[in-house]
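K.L.:
quick one: sequence and predicted model below, then my questions.
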Amino acid sequence: MLALHGVTPGKHESMYKRLQSEAASRPESTSVPTSAGAIWMSPIESRLYEAMRIEGLAPTAQYCVSGYYVDFAFPEVRLAIEADGAAYHDGEDRRQRDGKRDWILRKYGWRVMRFHGATIHRKAENCAYVIRQELNGQRRG
């Protein structure tokens, strides 16, 4: 099942298991059924995932790109979706790490779309619509 997440055996597999274990230990996280099996997600991740599914999209959750796990991916067009929660993404240090991560993903040909947690919480369906529009544009191009 892990191969569906873009994970190869070894280091990345153990990292994935550690990330899922950490997510499972947070009281607000929920186990969400996906096509690749149950995946632990934060409330904003599960809300965005559900909105994307309602929009007719089939994202891959927790997809590994060059050693980095993106919240959701559309590998066929190299589109990464990040749900940025305030608790984990506020502060200059975090912005710098996210900037480096985005730079590396772009280096490998990926486009990164970030959505703030408050926006997802209030308007997840709008976020999913924007993602669908981006996918439609990339698939045509």
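P.N.:
Sure, I can see it. Being a predicted model, the structure only gives us computed values, none of them experimental. Numbering: from 1, shown residues only.

K.L.:
mind giving me the packing neighbours of the host helix or strand of Asp93?
P.N.:
Taking DSSP states H and E as the definition, Asp93 sits inside helix 92-107. For helix 92-107, the packing partners by 3 or more C-beta pairs under 8 Å, 6 or more residues apart in numbering; DSSP states H and E come out as strand 68-74, strand 79-84, helix 86-89, strand 111-116. (Glycine included, C-beta is placed from N, CA and C.)

K.L.:
pretty sure Ala61 is touching Trp40, no?
P.N.:
No. Assessed by C-beta atoms under 8 Å, Ala61 is found out of contact with Trp40, at 9.5 Å.

K.L.:
compare the two and say which is more crowded by neighbours.
P.N.:
Higher neighbour count among Ala61 and Trp40: Ala61, with 24 against 20, using other C-beta atoms under 10 Å.

K.L.:
which non-adjacent residue is nearest the more buried one?
P.N.:
Ile39 (4.8 Å; C-beta to C-beta, 6 or more residues apart in numbering).

K.L.:
now Ser35
P.N.:
Ala58 (6.9 Å).

K.L.:
for Ala51, give me its contacts.
P.N.:
By C-beta atoms under 8 Å, 6 or more residues apart in numbering, Ala51 lies in contact with 120, 124-125, 127-128.
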